[in-house]
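Enquirer: pasting a predicted model and its sequence here:
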Amino acid sequence: MKAIVLERLHADHHRYAALICILDRQLHIVACDELPDYHLLARLCHYLTHQPEEWHHPVEDVLFTCLTGCHAQSAELLAVLSEERRRITRDGNELEATFRRQADDMPEEELDPSRLKLARAFSELYHHHLYSENRHIYPLIERCIPAAELDEMSPRIPLVIPAEGRPSFQELYRLISDHHTGLRLGHGEQADFCPLCDARPAASS
């Protein structure tokens, strides 16, 4: 049986991946020479950069320290993941500032190609970071640390209000779901579903 804390971490990753997918769709709109939703892009970068610091990363830090104590070979990969976090935070903050300026001062102007390149690199790194943790680190934690022991950490790792219940996420969720923003692809096309709210395109009449 999976430890509760790992279930919560996986749920966070699922939510982050959904938001990155929507960010990717907005970047595709830019590549189609159309205007994205700059306010949404700024909100996405803010959430993806800052929300993990509230609970997700502190919890991982505790688990990763435990992991290095029983699986020394993981230290190198954990060091790489730490550097990736630093780059994600740096680039996410820079992109958030860019998209906020664009939304406030130049909403009808195309995104600078260098900013588009940075945003794509941010997305690619985020995808890779989640994959590395899901594919390599979390399974190692499950193998090396018994679920009962992980659950005993709960007093030290409080399972506070689920992130999806917090106002910051609810506002972002409504921004995406109310107008089916997560379906937009550019050139008037829509995706088959929204990875966040599971919205579907309206049936053709």
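Expert: Arrived safely, thanks for sending.
Enquirer: please count neighbours and contacts with C-alpha atoms only from this point.
Expert: Noted.
Enquirer: my guess is Phe99 contacts His39. True?
Expert: Yes. Between Phe99 and His39 there is a contact under C-alpha atoms under 8 Å: 6.8 Å.
Enquirer: neighbour count winner among these two?
Expert: Phe99 (24 against 17; other C-alpha atoms under 10 Å).
Enquirer: does the more buried one count as helix, strand or coil?
Expert: Per DSSP: H, G, I helix; E, B strand; the rest coil, the local secondary structure of Phe99 is helix.
Enquirer: and it, how close does it get to Tyr16?
Expert: According to C-alpha to C-alpha, to the nearest Å, Phe99 and Tyr16 sit 19 Å apart.
Enquirer: and for Arg120?
Expert: Here Arg120 is placed at a distance of 15 Å from Tyr16 (C-alpha to C-alpha).
Enquirer: what are the boundaries of the strands in the protein?
Expert: Here the chain has its strands, by DSSP state E, at 184-186, 189-190.
Enquirer: compare Arg120 and Tyr16 (neighbour count), which wins?
Expert: The neighbour comparison of Arg120 against Tyr16 (other C-alpha under 10 Å) goes to Tyr16, with 21 against 16.
Enquirer: touching, Ala17 and His129? I think so.
Expert: No. Contact criterion C-alpha under 8 Å: Ala17 and His129 do not qualify, at 10.5 Å.
Enquirer: the protein: helices as residue ranges?
Expert: 4-31, 38-54, 56-70, 75-105, 113-132, 138-144, 147-152, 167-177 (DSSP state H).
Enquirer: in TSV: the ones you listed, plus mean pLDDT and distance to Arg200.
Expert: Listed next are these as TSV, based on pLDDT from 0 to 100; distance: least, C-alpha to C-alpha, whole Å:
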stretch	mean pLDDT	distance to Arg200
helix 4-31	95	14
helix 38-54	96	19
helix 56-70	92	30
helix 75-105	97	27
helix 113-132	98	24
helix 138-144	95	32
helix 147-152	84	38
helix 167-177	92	10
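Enquirer: any chance of these in CSV, with distance to His187 too?
Expert: Formatted as CSV, the helices of the chain follow (distance: least, C-alpha to C-alpha, whole Å):
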stretch, distance to His187
helix 4-31, 8
helix 38-54, 17
helix 56-70, 37
helix 75-105, 21
helix 113-132, 18
helix 138-144, 39
helix 147-152, 48
helix 167-177, 19
